[in-house]
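> coords please:
(one chain, ligands or ions: 1)
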Amino acid sequence: MKVVAYSIKSFEKEFLAKANQKKHDITLISNPLGLETTRYAEGKDAVVVFTNDDVSRPVIEQLAALGIKFIATRSTGTDHIDKQAAAQYGIKLANVPHYSPQAIAEHTVALALSLNRRLAKAQEHAQHFDFRQEGLMGFNFYGKTVGVIGLGHIGQAVANIFTGLGCLVIGYDIAPQPELKNITTVTLEELYAQSDIISLHTPLTPGTRHFINAAILKQMKDGVMLLNTSRGCLINTADVLKALNSGKVGYLGMDVYEHEKGLFFEDHEHDAIKDSLLQDLISHPDVLVTPHQAYLTREAVQQIADQTIKNLDMWQQSKCVGKACICAKNCRA
Ligand code: NAD
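Okay, the predicted model is just below:
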């Protein structure tokens, strides 16, 4: 099958090659998918994308006109894809339903520990042979309450690690949950009121966009630590910045950013970045920003590559990708 894969980073190539074993003829492109780059899909059967690719209606219309029948995203999150438009143009969709939740969970906890123990600042000082301890005071995680919102694969993996640190983990999920080891399920109001640390693990949907906002922040403990390794738009970032400046939020660990599209995954050191919100966050002493790298372990990247190739195989063989299908309802082949 002829495939074009967008937003390919150099480190991904060996993992994709190992998974593909030359079965599919895949053109690897470092550019993101967008209106200007759909031309690379000419003559292909399928397109492979990543989280910050533009898979909106106008792009889908162009891909459909080029004869594309299948789009596979190398991610769990699917909020970047207009599923209704794809269904309308008869394009089938697949994702990587679950890969190594531990990768994202470990990064989430790494953000929490680094923020608390000021590791970035300590390293920066050490590079100048400044070994003073002023400004490096942290707190024990042991005995603290962690609130996990979204108790799916990643949320549960996060809960397990925090439990290992001696935290009490409480959690909330919109779907009824079976009894979960290590997690006491509570209402959202209870979670906000009781948590010292709050970690977000829901997908981005119309219902979760900006669900952390000024009104919700008021319900949280003073000095709460917020962790977001899920999707930037879950948080109203401007509201959280205000809360950081007032001390309501004590720490923010963010692997994802509301306006990351076109910024993250690329080097902008020599560009004039006009995003003052991001500038303020990056320079804030209580904020740690990482570039959507929570998934970035060897194990996870191999699993993503393996599932993506499996999706191409399955679609080629039977036009059905089983559990990886993210098509809008009733459109399975
Ligand atoms: P999952 O489907 O296993 O779990 C998501 C959970 O969120 C489900 O239990 C669902 O019921 C719950 N949920 C949905 N809406 C909710 C709401 N309004 N309130 C409370 N709970 C709600 O998914 P997962 O594998 O745990 O992944 C979660 C998210 O993590 C993905 O959607 C993706 O956006 C993000 N992610 C980020 C990275 C990264 O590198 N930063 C990597 C993978 C996934």
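> Which one of the residues in the protein is closest to the ligand?
Going by CB to the nearest ligand atom, the ligand is nearest to Gly152 of the chain, at 1.7 Å. (Each C-beta comes from the backbone N, C-alpha and C, glycine too.)
> Let me know whether that residue touches Ile174 as I believe.
No - using CB atoms under 8 Å as the test, Gly152 is too far from Ile174 to be in contact (10.4 Å).
> ok, these two, which is more surrounded?
Ranked by neighbour count (other CB atoms under 10 Å), Gly152 and Ile174 place Gly152 first, with 17 against 13.
> Run a quick neighbour tally on the residue nearest to that one when sequence neighbours are not counted.
With CB to CB, 6 or more residues apart in numbering as the criterion, Gly152 has its nearest non-adjacent residue at 6.4 Å, and that residue is His201. His201 has 27 neighbours, counted by other CB under 10 Å.
> show me what contacts His201?
Residues in contact with His201 (CB atoms under 8 Å, 6 or more residues apart in numbering) are Val148, Ile149, Gly150, Leu151, Gly152, Ile154, Gly155, Val158, Thr229, Ser230.
> Cross-reference those with the helices and report the matches.
Those of the contacts of His201 mapping onto helices are Ile154, Gly155, Val158, per DSSP state H.
> Which residues are in contact with the first one?
Contacts for Ile154 were tallied using CB under 8 Å, 6+ apart; they are Pro101, Ile104, Ala105, Thr108, His201, Thr229, Ser230.
> Swap in 6 Å and give it another go.
For Ile154, the contacting residues are Pro101, Ile104, Ala105, His201, by CB atoms under 6 Å, 6 or more residues apart in numbering.
> Drop anything exposed from these.
By neighbour count, with 16 or more other CB atoms under 10 Å, those hold Pro101, Ile104, Ala105, His201 as buried.
> near the ligand, from those residues?
Among the buried ones among the contacts of Ile154, the ones lying near the ligand by CB under 6 Å from any ligand atom are Pro101, Ile104, His201.
> Just to check, Ala64 is in contact with Tyr89?
Yes - using CB atoms under 6 Å, Ala64 makes contact with Tyr89 at a distance of 3.7 Å.
> In strands only, show me the contacts of His201.
Val148, Ile149 (DSSP state E).
> export the contacts of His201 to JSON lines and tack on pLDDT?
Output for the contacts of His201, formatted as JSON lines (pLDDT from 0 to 100):
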{"residue": "Val148", "pLDDT": "98"}
{"residue": "Ile149", "pLDDT": "98"}
{"residue": "Gly150", "pLDDT": "98"}
{"residue": "Leu151", "pLDDT": "97"}
{"residue": "Gly152", "pLDDT": "96"}
{"residue": "Ile154", "pLDDT": "97"}
{"residue": "Gly155", "pLDDT": "98"}
{"residue": "Val158", "pLDDT": "98"}
{"residue": "Thr229", "pLDDT": "98"}
{"residue": "Ser230", "pLDDT": "98"}
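> and the contacts of His201, which two are the farthest apart?
With distances taken as CB to CB, the most widely separated pair in the contacts of His201 is Leu151 and Thr229, at 14.8 Å.
> Which one's more surrounded, the two?
Thr229 (26 against 23).
> thought that one was touching Ile104?
Yes - when contacts are counted by CB under 6 Å, Thr229 is listed as touching Ile104 (5.5 Å).
> okay, and the common contacts of these two?
Residues touching both Thr229 and Ile104 by CB under 6 Å, 6+ apart: Ala294.
> The ligand contacts on the stretch 151-300 of the chain?
So far as CB under 6 Å from any ligand atom goes, the stretch 151-300 of the chain lies against the ligand at 151-155, 172-175, 201-204, 207-208, 229-231, 255-256, 292, 294-295.
> Which of the residues you listed are buried? Put it as a PyMOL command.
Buried subset of these, written as a PyMOL selection, criterion 16+ other CB under 10 Å:
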select buried, resi 151+152+153+154+155+172+173+201+202+204+208+229+230+231+255+256+292+294+295
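> ok, back up a step: which one of the contacts of Ile154 is nearest Phe162?
Ala105 (9.2 Å).
> phi, psi of that closest one?
Phi and psi for Ala105, reported as degrees, to the nearest 10, are phi -60, psi -40.
> Quick check: it vs Ala159, distance?
8 Å (CB to CB, to the nearest Å).
> For the stretch 51-200 of the chain, give me the ranges with low pLDDT.
The stretch 51-200 of the chain contains no residues with pLDDT under 70.
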